[in-house]
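# sharing a model prediction with you, sequence too.
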Amino acid sequence: MKKKSWMMLVTLVLVISMVLAACGSGAETPTTGSTTPTENSTGGETTTEPTDANLAADQTLHLNLSAEPPTLDPAQAQDSQSNTALRFMYEGLATIDGDGNPAPGAAESWEVSEDGLTYTFKMRQGATWSNGDPVTANDFVYAWERVLSQETTPAPVYAYQLYYIKGAEDFNTGKTKDFSTVGVKAVDENTLEVTLANPTPYFLGLTSFYTFYPVHQASVEADQAWASDPSKMVTNGPFTLTTWTTGSEMDWTKNDKYWDAENIKLTNVTASIVNSGATETASYQGGEIDYAGAPTGEIPTDQIQPLSEQMPEEFKLTDIASTYYYEFNTKEAPFNNEKIRKAFAMSIDRKSLIENVTKAGQTPAFGFVPTSIAGLNNQSFRDEFPDSGYFTEDAAAAKTMLEEGMKEEGITTLPPITLLYNTSENHQKLALAVADMWKNTLGVEIQTKNEEWSVFLESRKTGNFQIARAGWSADYNDPMTFMDMFVSGGGNNNTGFANKEYDALIDSAYKGGNDPEKRMQDMAAAEKMLVQDNMVIMPVYYYTQASLTKPYLKGVTTDFSGAINFTRAYLEEH
Amino acid sequence: MARYITSKLIYTLLSLFILITATFFLMKAIPGDPFMSEKEVPAPIRARLEAQYGLDKPLMTQYVNYLGNIVQGDLGISMKKLNQDVGKIIGQTFGVSLRLGMIAVVVSTIVGVALGLLAALYHRKFIDSLVMVLAVIGIAVPSFVMASLLQYLFGLELKLLPITGLRSPLGYVLPVAALSAGPIAYIARLTRSSMLEVLNADYIKTAKAKGLKWPAILWKHVIRNGILPVVTYVGPMTANIITGSVVVERIFGIGGIGKVFVESITNRDYTLIMGITLFYGIILMAARFVTDIVYVLVDPRIKLTSGKEG
């Protein structure tokens, strides 16, 4: 009897609390809702000079990663989230300073031979692994051999980032099994000698890239799965990974053994793993994270404009070294005709697309190499070789061009044309807007079609498209990272474009590292050939990335490619 | 009973075999593979990767090898989460989904039955209407809308509860609420209609006429009989919830198995897709199996000898 009435009581309590909860929250919403924004806006105005006095007591940085790093093995990494995570934990021979120039990292200094082929790195005295072992030249030799070796499982995809080193490609592709043919030698514990295949002006910058990071031989060989277990990772960077909860969180703690530990202000870094731009932005506004947006995460496109108005102090758009373009299949009618390709490229209004559709302050693109890629003499490549002369937007001229092209092909109507893009709301909006512009200016009806990412890549690779969306981002800060893509038969050249003259220019630039002026001119000539003469690709815009940074978070640097470095960041009193 | 269980087991194993076979060939039929990315993998490196994962062999050989490995309990190594064992990934992520899911199941069942019972007892009164209005809302609002609304209200505006993750016990509140809203509503409706039916049954009138006390009638006759449809629903619902809600896990940034499953498909992580599909299959079959058995135990009217499904 007692038991039964107790049941009824519990039932009643549950129901009443439900009802109360519903009423209570309904009544409270408006009042709290109106106070929150003011709190935020006052917080955004405080800016003070960084001194130790105004450092926050709790130096824990909170981040979000929109994708979980598949592994923390530098040899296997390929994505920007892994890049951010690895940068906390490792340090290459050089690092990139705030101005984007190579600065000494694990190497204290270096010398470059006169022919630009031999680099001699002096290892930093006193630099150690997180377990106290010294970081030696042998660690780099071991790490690079591991990237290139046929025995490594799975085969590191980014091994080709090391092909600048003499003999590296032959060793990696199995033409030789003898690692002594590869141009990496530890002369002694403190001296690393690297011989390149060609003079490569951007090689120092490359040594700060994760594929070039050293790894700790003993711990790598002890356990196959070392790179997913924090207790088994021995690293040489400013932070060590302390916990990694699959799919939800990663935590780092300051590495007191790091050689520059006194300049590392953060004591802890915590990253949640949430793959939703909307949630990430909400967490930022709710104060759970200190940084939101690219490259670690994402801000939904439809929130970019409102956020830039609501929080102008915290919102930032950065130019990054990536280009958004449509590529033509030059083997497939009607885009086998150069004039028809030109007509399509000339007949869209890029500025209007950016203002009305993409809405993230991108730069209209008329070339392939984006604005943030370096040229010579502290100028960007784009400043030295502007893209404005390659072609102009002109609807009337485009129409004439199209008619001429059709005459050349002997056709009076265009075959059905499909524009292919990978499934994404942003790509869809742009594709529809572009198709609409073509309809208005050229009078042609275009179908748009989306495919899931892997299916899309397969279609593009096998040439199963007429015109397709594409994006390319830089691996290193040099125009070559864009220009060598379109050599005849290149692995990423899906357009069918093959031109001996183009190949010769690229080859000359590859080998011409000792004549920087000529090298840049070669690449500019190649770009002119690619866009102005042949219109193999139709550039649309140079990417930007949107981010939100709390006003009290300082010392965060972003490089040319948009990659972010939090290692020297600090939190001010807030 | 033994015969009943044996025949159920055979059906279960057969279904699993069909599931594995169909998934394996369908998965291979989709364009793309685990090594595709915007930047093409150089041919020699790709060839080596395919050889390392056995993808260079003919499809039938791959299939037979895979079956052989499964029989030995080896689910293989993930192709994207490098060098990580598929079994281990499933174990870790399922643990998260299971904990969250079981809380949601318990909450949904208790709250749902309680609400349904109340509504039935106060049939056509205010409480009844209120519960039914809430139930309609609960069923009509999809979980992703519910999740976002909860995040906005309790996380962003009231700042009472964490928006993402399960770092503290409080972190469970919103995901559990988002997961349970639909099932609570459904169970409440189910309970209500079934209780109403029972309340009007002749044996209840007989019991009353016999002079049995009302709480005794309620507990012995009404609830026991009225709960049957709920039992049928709770089995599959449990399987459904603990296997991880893709949407809720994604919105709250919870590293459960649902999130990993979706990622594995986008990545074409063949071994992980197969592993999780197989695991899901086992869970669903097991839940069904248990439901069937429980049903037999609760309702003696079901004949054991026929072997038909309840």
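Cool, the structure landed. Keep in mind that what you see is a predicted model, and the values were worked out from it rather than measured. Residues are numbered from 1 along each chain as shown, chains lettered A, B, ... in the order given.
# all strands for the stretch 251-400 of chain A, in order.
In order along the chain, the stretch 251-400 of chain A carries the following strands (DSSP state E, counting those that start in this stretch): A:268-273, A:291-293, A:315-328, A:363-364.
# winner for burial among those?
Across these, the average number of neighbours (mean count of other Cβ atoms under 10 Å in any protein chain shown) peaks for strand A:291-293, which reaches a mean of 26. Backbone N, C-alpha and C define where each C-beta goes, glycine included.
# what helices or strands is the helix or strand harbouring A:Val540 leaning on?
Using DSSP states H and E, the element containing A:Val540 is strand A:537-549. Applying 3 or more Cβ pairs under 8 Å, 6 or more residues apart in numbering or on different chains; DSSP states H and E, one finds that strand A:537-549 makes contact with strand A:291-293, helix A:301-310, strand A:315-328, helix A:338-346, helix A:350-353, strand A:363-364, strand A:467-473.
# chain B is nearest to which of these?
strand A:467-473 (6.8 Å; Cβ to the nearest Cβ).
# dump the residue contacts of the residue nearest the centre of chain A.
A centroid search over chain A (Cα atoms, centre = their mean) returns A:Ser80, at 5.2 Å, as the residue closest to the centre. Residues counted as contacts of A:Ser80 (Cβ atoms under 8 Å, 6 or more residues apart in numbering or on different chains) are A:295-296, A:562-563.
# quick check: the gap between it and A:Gln545.
A:Ser80 sits at a distance of 10 Å from A:Gln545 (criterion: Cβ to Cβ, to the nearest Å).
# returning to what we had before: how about the strands of the stretch 251-400 of chain A in a markdown table, adding distance to A:Leu442 and mean pLDDT?
A markdown table is the format used below for the strands of the stretch 251-400 of chain A (distance: least, Cβ to Cβ, whole Å; pLDDT from 0 to 100):
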| stretch | distance to A:Leu442 | mean pLDDT |
| --- | --- | --- |
| strand A:268-273 | 46 | 94 |
| strand A:291-293 | 37 | 96 |
| strand A:315-328 | 14 | 96 |
| strand A:363-364 | 19 | 96 |
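# hang on, the earlier thing: now do the shared contacts for A:Ser80 and A:Gln545.
Shared contacts of A:Ser80 and A:Gln545, counting by Cβ under 8 Å, 6+ apart, come down to A:295, A:562.
# near chain B, which residues of the stretch 451-574 of chain A are found?
A:452-455, A:457-459, A:461, A:471-472, A:491-492 (Cβ under 8 Å from any Cβ of the partner chain).
# go ahead and build a PyMOL selection from the buried members of those residues.
Buried subset of those, written as a PyMOL selection, criterion 16 or more other Cβ atoms under 10 Å in any protein chain shown:
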select buried, chain A and resi 453+454+455+457+458+459+461+472+492
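# next up, the contacts around the residue in chain B that chain A sits nearest to.
Nearest residue of chain B to chain A: B:Gly255, at 2.1 Å (Cβ to the nearest Cβ). Contacts for B:Gly255 were tallied using Cβ under 8 Å, 6+ apart; they are A:68, A:245-249, A:273, B:93, B:96, B:249.
# go with 10 Å
A:68, A:245-249, A:272-274, B:92-93, B:95-97, B:165-166, B:244, B:249 (Cβ atoms under 10 Å, 6 or more residues apart in numbering or on different chains).
# bridging residues for A:Met538?
A:Tyr326 (DSSP bridges).
# averaged pLDDT, whatever helix or strand A:Glu458 lives in. What do you get?
Using DSSP H and E, A:Glu458 maps to helix A:453-461. Mean pLDDT, computed over helix A:453-461, is 90.
# put the alpha carbons of that helix into PDB.
Taking Å, rounded to 0.1, in the frame of the first residue of the first chain, the C-alpha atoms of helix A:453-461 are listed here in PDB:
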ATOM      1  CA  TRP A 453      32.400  14.700 -52.200                       C
ATOM      2  CA  SER A 454      34.100  11.300 -53.100                       C
ATOM      3  CA  VAL A 455      31.700  10.800 -56.000                       C
ATOM      4  CA  PHE A 456      32.500  14.300 -57.200                       C
ATOM      5  CA  LEU A 457      36.300  13.700 -57.000                       C
ATOM      6  CA  GLU A 458      35.900  10.500 -59.000                       C
ATOM      7  CA  SER A 459      33.900  12.300 -61.700                       C
ATOM      8  CA  ARG A 460      36.400  15.000 -62.000                       C
ATOM      9  CA  LYS A 461      39.400  12.600 -62.000                       C
END
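# relative to A:Met483, how far out is A:Tyr502?
Taken as Cβ to Cβ, the span from A:Tyr502 to A:Met483 is 9 Å.
# and for B:Val133?
Distance from B:Val133 to A:Met483, by Cβ to Cβ: 65 Å.
# more neighbours: those two, which one.
Legend: neighbour count by other Cβ atoms under 10 Å in any protein chain shown for B:Val133 and A:Met483, higher for A:Met483 (24 against 10).
# one step back: quick one: the helix holding A:Glu458 to strand A:467-473, angle?
110 degrees (axes from the mean of the first three to the mean of the last three Cα atoms, to 10 degrees).
# what is helix A:453-461 packed up against?
Contact here means 3 or more Cβ pairs under 10 Å, 6 or more residues apart in numbering or on different chains; DSSP states H and E; on that basis helix A:453-461 packs against strand A:417-422, strand A:446-451, strand A:467-473, helix B:257-267.
# residues near the residue of the stretch 151-300 of chain A found nearest chain B, how many?
Of all residues in the stretch 151-300 of chain A, the one sitting closest to chain B is A:Gly247 (2.1 Å; Cβ to the nearest Cβ). Each residue near A:Gly247 was counted by other Cβ under 10 Å, and the total is 25.
# contact partners for it?
Neighbours of A:Gly247 in contact, by Cβ under 10 Å, 6+ apart: A:68, A:273-275, B:81, B:89, B:92-93, B:96-97, B:249, B:253-260, B:263.
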